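Undergrad: A structural model of the following input is requested.
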Amino acid sequence: MINMLANFFYKSIVTKNKKVVGLFLIVFSSFLFSQEASIIENITETEGLPSNYVFNANEDQNGVIWLGTDKGLATYQDGEWITLDVDNGMPGNYINKAISDKKNGLLIYLSERGLYYFDTNKRRITVKYPSLGNLILRDFKISNYNSNYILINGVNPKTNQEKFYAIDISNVKTLIPLHIEQNSIFLKGKNSKIKLADRDFLLQNDKIVLNRFTLEKIENTIFIKQNGKIIDTLSEKNGLGNNSINHILKTSKNDVIISTLGGGISIIRNNNPKITFNHKSINARQILTFQNKQYIFADGFLYVIQDDKILSKVFLRKDALTFHLDGDFLYLGSFAGLETYKMNGNQLQFINLFPFTAGVSKILKFNSQIIFTTYGGGFFVKNGNSVTKYQNKPFNN
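TA: Purely as a prediction, here's the structure:
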């Protein structure tokens, strides 16, 4: 019986921990993160990234992510990072800018080397654009009027003259000069004229729309906007690896990848539904789902949430460590012992206390018995008013 309970308890705790983590990511987030508990995943050289200096991130037609770094073009494959640099055929290491055409590859700009087309299927440079000369590229984007074209904007460093070009995604070998008329960018043919963008399109800030929020990169900062108003920023304070932000990307999986100078990349995974309860000072200790409600224990309070609304907030005790719900009963573990409450709507009625000062770490109900583990004191089985202690199977978690 003891071995069966111990084995069942261990499996249940592992399963519950996974659910709690998942729910924490879903509920306590400001669109995807909270002020105190970030779910931003930072990947740096410590985790195997080839460089902490990442200029851009792009997703190709196969769903593969490519990072432009100061050490070459990097991608993750078969459990490891692979870098393409001057040692294996790249014209340079500094991949300052890149964009995916979502068809065959990436248009990449290398510092002091120029503009190239990189075929992601063949994994090599297939086109060079020498006609740009010494033009310094500002940016390039896919046209918002015709997605078959990539627009390129650059400046001649000697004359300070601005130039615009386009690349037809169906024929990437040809660089097409564009024309400016009345603040619009046109592609002109013999008997036709196609508008590809407004003149300021390439200078507009990068924006990503996520559920009810918009991320907008302005210079080296990402602003979080809701209904057009700035409500916060993304920074090291709330989880980013570095404040020097270069580029933001929304992937086909709705993940967000943030490229930084010095902090590698930061990834915000897509988690649905995304619910916002942005309490700047809150520290969530445990979260459970029970009868279509979320119960969050934080700073001594129990929050009850349903349908994106906080239904109630009840103070339990500041030193509480864990809790468990079963029907109308709430079991609370603390350094005082195991407390039992009966829930009546938004009110809690105290029933009894089993004193134990070593601290209760986890609580579980198995059949009609309450099992709780302690910090170094074994585990207990409570059956009605009787409690049995088992020292031979200590649990801390």
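Undergrad: okay, CA-based contacts and neighbour counts for the rest of this
TA: OK.
Undergrad: got the contact list for the helix or strand hosting residue 266?
TA: Assigned by DSSP states H and E, residue 266 belongs to strand 265-268. Counting by Cα atoms under 8 Å, 6 or more residues apart in numbering, strand 265-268 makes contact with 32, 39-44, 52, 54, 240-241, 255-260, all of which sit outside it.
Undergrad: Can I have the buried ones of these as a PyMOL selection?
TA: Those of those that count as buried under 16 or more other Cα atoms under 10 Å are selected in PyMOL with:
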select buried, resi 32+39+40+42+43+44+52+54+240+241+256+257+258+259+260
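Undergrad: Identify each buried residue in stretch 232-247, please.
TA: Of all the residues in stretch 232-247, those buried under the rule 16+ other Cα under 10 Å are 233-235, 238-247.
Undergrad: okay, which residue is most central for this structure?
TA: With distances taken as Cα atoms, centre = their mean, residue 268 lies nearest the centre of the chain, 0.5 Å away.
Undergrad: measure that one to residue 315 for me?
TA: In this view, residue 268 and residue 315 are 32 Å apart by Cα to Cα, to the nearest Å.
Undergrad: what do you get for residue 306?
TA: In this view, residue 306 and residue 315 are 18 Å apart by Cα to Cα.
Undergrad: likewise residue 355?
TA: Between residue 355 and residue 315 the computed distance is 20 Å (Cα to Cα).
Undergrad: Against residue 59, how distant is the closest residue to residue 121 other than its chain neighbours?
TA: Residue nearest to residue 121 in three dimensions, not counting chain neighbours: residue 104, with 6.8 Å by Cα to Cα, 6 or more residues apart in numbering. For residue 104, the distance to residue 59 under the criterion Cα to Cα works out to 11 Å.
Undergrad: ok, the nearest residue to residue 310 once chain neighbours are set aside - contacts?
TA: Of all residues not flanking residue 310 in the chain, residue 304 sits nearest, at 5.8 Å (Cα to Cα, 6+ apart). Shown here is residue 304, whose contacts under the criterion Cα under 8 Å, 6+ apart are 293-296, 310-313.
Undergrad: can you redo those as JSON lines with secondary structure, neighbour count and pLDDT?
TA: Output for the contacts of residue 304, formatted as JSON lines (DSSP: H, G, I helix; E, B strand; the rest coil; neighbours: other Cα atoms under 10 Å; pLDDT from 0 to 100):
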{"residue": "293", "secondary structure": "strand", "neighbour count": "16", "pLDDT": "84"}
{"residue": "294", "secondary structure": "strand", "neighbour count": "21", "pLDDT": "84"}
{"residue": "295", "secondary structure": "strand", "neighbour count": "22", "pLDDT": "86"}
{"residue": "296", "secondary structure": "strand", "neighbour count": "25", "pLDDT": "86"}
{"residue": "310", "secondary structure": "strand", "neighbour count": "14", "pLDDT": "79"}
{"residue": "311", "secondary structure": "strand", "neighbour count": "14", "pLDDT": "82"}
{"residue": "312", "secondary structure": "strand", "neighbour count": "15", "pLDDT": "82"}
{"residue": "313", "secondary structure": "strand", "neighbour count": "16", "pLDDT": "82"}
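Undergrad: ok, of the residues you listed, which one's closest to residue 70?
TA: residue 296 (43.8 Å; Cα to Cα).
Undergrad: What's opposite the closest one in the beta bridge?
TA: residue 287, residue 303 (DSSP bridges).
Undergrad: what about residue 103, neighbour count?
TA: Using other Cα atoms under 10 Å, residue 103 has 14 other residues around it.
Undergrad: In a helix, it, correct?
TA: No. Residue 103 sits outside any helix when classified using DSSP: H, G, I helix; E, B strand; the rest coil, being coil.
Undergrad: Now it. Nearest residue, chain neighbours left out?
TA: residue 61 (5.4 Å).
Undergrad: and the one you found, how far is that from residue 257?
TA: 17 Å.
Undergrad: so the residue nearest to residue 103, which of the three states?
TA: With three-state DSSP as the basis, the three-state label of residue 61 is coil.
Undergrad: these two touch, right, it and residue 99?
TA: No. In this structure, residue 61 is not within contact of residue 99 by Cα atoms under 8 Å, at 11.4 Å.
Undergrad: more crowded one of those two?
TA: Just comparing residue 61 and residue 99: by other Cα under 10 Å the higher neighbour count belongs to residue 99, 23 against 15.
Undergrad: Residue 202: what's it in contact with?
TA: With contact set as Cα under 8 Å, 6+ apart, residue 202 has these partners: 139-141, 151-153.
Undergrad: what about the residue nearest to residue 232 when sequence neighbours are not counted, distance to residue 307?
TA: With Cα to Cα, 6+ apart as the criterion, residue 232 has its nearest non-adjacent residue at 5.2 Å, and that residue is residue 224. For residue 224, the distance to residue 307 under the criterion Cα to Cα works out to 24 Å.
Undergrad: Those two: who's more crowded?
TA: When neighbours are counted by other Cα under 10 Å, residue 224 comes out ahead of the other of residue 224 and residue 307, with 22 against 10.
Undergrad: rewinding a little: narrow the contacts of residue 202 to those in strands?
TA: Secondary structure assignment by DSSP state E places 139-141, 151-153 of those in strands.
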